[in-house]
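Chemist: One predicted model, sequence on top.
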There are 2 protein chains.
Amino acid sequence: MPDLILALDVLSREEALSVAEAAAPHLDAIKIGYPLVLAAGLDIAAPLSEFGIPLIADFKVADIPNTNSLIAQQVFAAGFFAIICQGFCGSDSVAACVEAADDAGGECYVVAEMSHPGALEFLSGKNAELLAQMAVDAGAHGIIAPATRPERVQTLRAIIGDKKILSPGVGAQGGDPETIAPLIDGMIVGRSIYTAEDPAEAARTYARFRR
Amino acid sequence: MPDLILALDVLSREEALSVAEAAAPHLDAIKIGYPLVLAAGLDIAAPLSEFGIPLIADFKVADIPNTNSLIAQQVFAAGFFAIICQGFCGSDSVAACVEAADDAGGECYVVAEMSHPGALEFLSGKNAELLAQMAVDAGAHGIIAPATRPERVQTLRAIIGDKKILSPGVGAQGGDPETIAPLIDGMIVGRSIYTAEDPAEAARTYARFRR
């Protein structure tokens, strides 16, 4: 059964710290993205780290290798435990993120498949399978694949073996936690927790699917 | 003949402002990316704007539509004139950036093709042509295509018509300005200017290729 990862997709430092503090006892990791970092600064990682939960930078890094390195090095220097990158810029761009993760004793995850409608144009099917294999070959720690498509998660699992699968899309986006939990290593829940009247109680509800 | 765009890929506020001030008289735009923004904050746009040159956020935005919107809205609110996004996440993700640009009276460019070795895996050939067409269909203002591959720039030009092409790779990466200038709308030069002993003089050298 998977870790519980909070997608802390709020836009202010105050809200981020408030939700994180409430939910922390039920979490294994907190994932934040560029909208919060652009608003609050990369150093939001420092106060968030005080809750004792590993931080994941969901930056979907998608640039040339040198730029990816510069981004990933700053991410790990700021105190994050893991980074999420895109794979479609190629294996050298992924390797740059993996190397920065390895240097920091951290982890790197590669987006294999996404679940919004536009993902069907490039980020699904055969391309997703190629990206999952790329993640393995590049030494990444795992992939990102959608909780809304459990049959695809199983297909990708066959490619990556015991690498980890982190899955967004549980809750508000329709992914069923009962179905997806046995298939993945990290269940990413966002709105269902951070927009809840009682984020601690909402996190507790999902925490029953944890390892 | 193209605009001259400085890729201001430095990592500190001080160096960014110093190079930008020196080169500004010869520039049509300044492009900055996440490495500088993570180090100096998104509000680096404010002092950079004081040189009177439009700013481009080269964030290669690559997420779901809602996250892309949140990123792009902050970019334009911070004073940028344009944003660069990836197309690989699909036309809805691109449309989110285009809409934010339109709302702000700004511009959005889609990466069609990249020039690092790993780009040959996904971001070239037929996919690049599909991405260029996607940029047109989504109402983007233009595409990004490599100055190091002028024959590819011509192929992509045939797809996008009078939309703009901004091309990185001139100078240190080997793109020949004489060859590429007549084919594009914006010539992006980085290291050859910002690592020069005299960035003003270096910018002046490339400025002779301007419109």
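Modeler: Structure's in. What do you need? Numbering: from 1, shown residues only, chains lettered A, B, ... in the order given.

Chemist: And the strands in chain A?
Modeler: For chain A, the strands identified by DSSP state E occupy A:3-7, A:29-33, A:55-61, A:82-86, A:107-111, A:142-144, A:164-170, A:186-189, in order along the chain.

Chemist: For these, please prepare CSV with the additional fields mean neighbour count.
Modeler: Where C-beta positions appear, they are placed from N, C-alpha and C, glycine not excepted. As requested, those are exported to CSV (neighbours: other C-beta atoms under 10 Å in any protein chain shown):
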stretch, mean neighbour count
strand A:3-7, 24
strand A:29-33, 23
strand A:55-61, 27
strand A:82-86, 28
strand A:107-111, 27
strand A:142-144, 27
strand A:164-170, 25
strand A:186-189, 26
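
Chemist: so which of these gets nearest B:Phe51?
Modeler: With distances scored as C-beta to C-beta, the stretch of the strands of chain A nearest to B:Phe51 is strand A:55-61 (28.1 Å).

Chemist: and the closest one, which strands flank it?
Modeler: Strand A:55-61 pairs in its sheet with strand A:29-33 (parallel), strand A:82-86 (parallel), by DSSP bridges.

Chemist: pLDDT of it, averaged?
Modeler: For strand A:55-61, mean pLDDT is 98.

Chemist: How about stretch A:4-14?
Modeler: If you average the pLDDT values across stretch A:4-14, you get 98.

Chemist: And that stretch, end to end?
Modeler: 22 Å (C-alpha to C-alpha, to the nearest Å).

Chemist: With stretch A:114-126 instead?
Modeler: 13 Å.

Chemist: how about A:Val94, what does it touch?
Modeler: A:Val94 is in contact with A:68, A:85, A:87, A:108, A:110, A:134-135, A:138, A:140, B:118, counting by C-beta atoms under 8 Å, 6 or more residues apart in numbering or on different chains.

Chemist: Most neighbours out of these, which is it?
Modeler: Of all the contacts of A:Val94, A:Cys85 has the most neighbours under the rule other C-beta atoms under 10 Å in any protein chain shown, reaching 33 neighbours.

Chemist: doesn't A:Glu107 make contact with that residue?
Modeler: No. Checked against C-beta atoms under 8 Å, the pair A:Cys85 and A:Glu107 is beyond contact range at 11.3 Å.

Chemist: and A:Arg211, what pLDDT?
Modeler: The per-residue confidence score, pLDDT, reads 68 for A:Arg211.

Chemist: What is the nearest of the contacts of A:Val94 to A:Tyr34?
Modeler: A:Tyr34 has its nearest neighbour among these in A:Cys85, at 12.9 Å by C-beta to C-beta.

Chemist: bridging residues for that closest one?
Modeler: Partner residues in beta bridges with A:Cys85, using DSSP bridges, are A:Val61, A:Val110.

Chemist: Quick check: the gap between it and B:Ala100.
Modeler: For A:Cys85, the distance to B:Ala100 equals 23 Å [C-beta to C-beta, to the nearest Å].

Chemist: With A:Ala135 instead?
Modeler: From A:Ala135 over to B:Ala100 (counting by C-beta to C-beta), the distance is 30 Å.

Chemist: Now for A:Ser93: which residues touch it?
Modeler: Shown in contact with A:Ser93 (C-beta under 8 Å, 6+ apart): A:61-65, A:68, A:85-87, B:116, B:118.

Chemist: Can you list the low-confidence ranges for chain A?
Modeler: The model of chain A has pLDDT under 70 over residues A:211.

Chemist: which stretches of it form helices?
Modeler: Defined through DSSP state H, the helices belonging to chain A, from first to last, are A:13-23, A:34-40, A:45-49, A:65-77, A:91-104, A:119-122, A:125-137, A:150-160, A:177-180, A:191-194, A:199-207.

Chemist: Would you format these as CSV with distance to B:Ala196 included?
Modeler: Output for these, formatted as CSV (distance: least, C-beta to C-beta, whole Å):
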stretch, distance to B:Ala196
helix A:13-23, 39
helix A:34-40, 30
helix A:45-49, 35
helix A:65-77, 18
helix A:91-104, 26
helix A:119-122, 38
helix A:125-137, 37
helix A:150-160, 45
helix A:177-180, 53
helix A:191-194, 47
helix A:199-207, 52
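
Chemist: closest to B:Gly186 out of these?
Modeler: Across the helices of chain A, the minimum distance to B:Gly186, taken as C-beta to C-beta, is reached by helix A:65-77, at 18.4 Å.

Chemist: Who are the packing partners of that closest one?
Modeler: Here helix A:65-77 is seen to pack against strand A:55-61, strand A:82-86, helix A:91-104, helix B:34-40 when contacts are counted using 3 or more C-beta pairs under 8 Å, 6 or more residues apart in numbering or on different chains; DSSP states H and E.

Chemist: Could you export those to a markdown table, including columns for distance to B:Arg204?
Modeler: Supplementary listing: the helices and strands packed on helix A:65-77 in a markdown table, determined by distance: least, C-beta to C-beta, whole Å:
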| stretch | distance to B:Arg204 |
| --- | --- |
| strand A:55-61 | 34 |
| strand A:82-86 | 37 |
| helix A:91-104 | 33 |
| helix B:34-40 | 23 |
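
Chemist: right, so of those, which gets closest to B:Asp92?
Modeler: Nearest to B:Asp92, of all the helices and strands packed on helix A:65-77, is strand A:55-61, at 15.2 Å by C-beta to C-beta.

Chemist: gap between that closest one and the chain center?
Modeler: Mean-position distance between strand A:55-61 and its chain equals 7 Å (C-alpha atoms, centre = their mean, to the nearest Å).

Chemist: related to what we said a few turns ago, show me which of the contacts of A:Val94 is closest to A:Pro35.
Modeler: Looking at these and their distance to A:Pro35, the nearest is A:Cys85, at 17.4 Å (C-beta to C-beta).

Chemist: first vs last residue of stretch A:95-111, how far apart are they?
Modeler: Distance between the boundary residues of stretch A:95-111 (C-alpha to C-alpha) amounts to 14 Å.

Chemist: hang on, I meant stretch A:46-54
Modeler: Start and end residues of stretch A:46-54 are separated by 11 Å (C-alpha to C-alpha).

Chemist: and that stretch, which residues are buried?
Modeler: Buried residues in stretch A:46-54, counted by 16 or more other C-beta atoms under 10 Å in any protein chain shown: A:48-49, A:51, A:53-54.

Chemist: How about stretch A:119-126?
Modeler: So for stretch A:119-126, counting by 16+ other C-beta under 10 Å, buried means A:119, A:121-124.

Chemist: Just checking it against chain B, any contact.
Modeler: Yes. Contact of stretch A:119-126 with chain B (C-beta under 8 Å from any C-beta of the partner chain) involves A:119-123.
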